[in-house]
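# Here's my sequence, what's the structure:
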Amino acid sequence: MRSRLKILLVAAALAVIGWPSQASADGFFSPWVGVNFANDPGDGRGSFGLTAGSMGGGVIGGEFDLGYSPSFFGSSTAFGNNNVLDVMGNVIVGIPIGGTHGGGLRPYVTGGVGLIRSVVEGPANILDIKNNDFGFNLGGGVMGFFNQHVGLRGDLRFMRTFNSDDTTANPLDFNLGNFDFWRGSIGVVLR
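Okay, the predicted model is just below:
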């Protein structure tokens, strides 16, 4: 009798542990296209990338943002090959209007830190400039869902480096860098 009770208790414990539970995180993935502006050389230059994240409990979460801007500083014939790549880890805060399931809207604000890499390759790789700078981004937008899994996302972000790439600067000074730009984007969002 005792061995049956032990087997029953172990089976009940395994059933409770293995019972599927509803996930409380609201994950999303959004490939996007955008445009850079408010930086004279980069004005009107296209960009593309992806953003993926999760909203734990539906209100606050984290996201990974990857953006690539080819020919950021001008056409490749005038400036050689050039581009800007940004990789950011962000905190995102958004209020789901209409809930976290089905259709609805979610306005949000986001911000974080990461890498802003700028590359300008001169003709025949002479006078190449490559900067890997620690930077930040701040922004916001809205995600609108048509149904449980598909929607659109509009986003506006400000990007700026922390370091100024000035070799004469005091390394103990905390100065914001001199490279910054805005990026507006739109994309499909899947959750």
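
# Just the element for V119, please.
strand 104-120 (DSSP states H and E).

# average pLDDT across that strand?
For strand 104-120, mean pLDDT is 94.

# Next: stretch 27-44.
On average, stretch 27-44 scores 82.

# which residues sit against that stretch?
Outside stretch 27-44, the residues that touch it by Cβ atoms under 8 Å, 6 or more residues apart in numbering are 45-55, 67, 69, 72-74, 84, 143, 153, 155, 179-191. Any C-beta I mention is one placed from the backbone N, CA and C, and that applies to glycine too.

# Drop anything exposed from the residues you listed.
45, 47, 49, 51-55, 67, 69, 72-73, 84, 143, 153, 155, 179-185, 187, 189, 191 (16 or more other Cβ atoms under 10 Å).

# Inside strands: which ones of those residues?
Among the buried ones among the contacts of stretch 27-44, the members falling in strands (DSSP state E) are 45, 47, 49, 51-55, 67, 69, 84, 143, 153, 155, 180-185, 187, 189.

# For E121, give its distance to F73.
According to Cβ to Cβ, to the nearest Å, E121 stands 11 Å off from F73.

# Identify the contacts common to these two.
Contacts common to E121 and F73, judged by Cβ under 8 Å, 6+ apart, are N82.

# mind showing which ranges of this protein have poor pLDDT?
Applying pLDDT under 70 to the chain picks out residues 1-25, 39-43, 57, 76-80, 124-125, 164-176.

# centroid residue for it?
D65 (1.9 Å; Cα atoms, centre = their mean).

# ok, now how distant is that residue from P96?
Distance from D65 to P96, by Cβ to Cβ: 20 Å.

# wait, what's in contact with N163?
133-134, 177.

# Over to V93?
Contacts of V93 (Cβ under 8 Å, 6+ apart): 59-60, 108-110.

# Just list whatever residues bridge to the residue nearest to the centre of the chain.
Beta bridges link D65 to T51, M88, judged by DSSP bridges.
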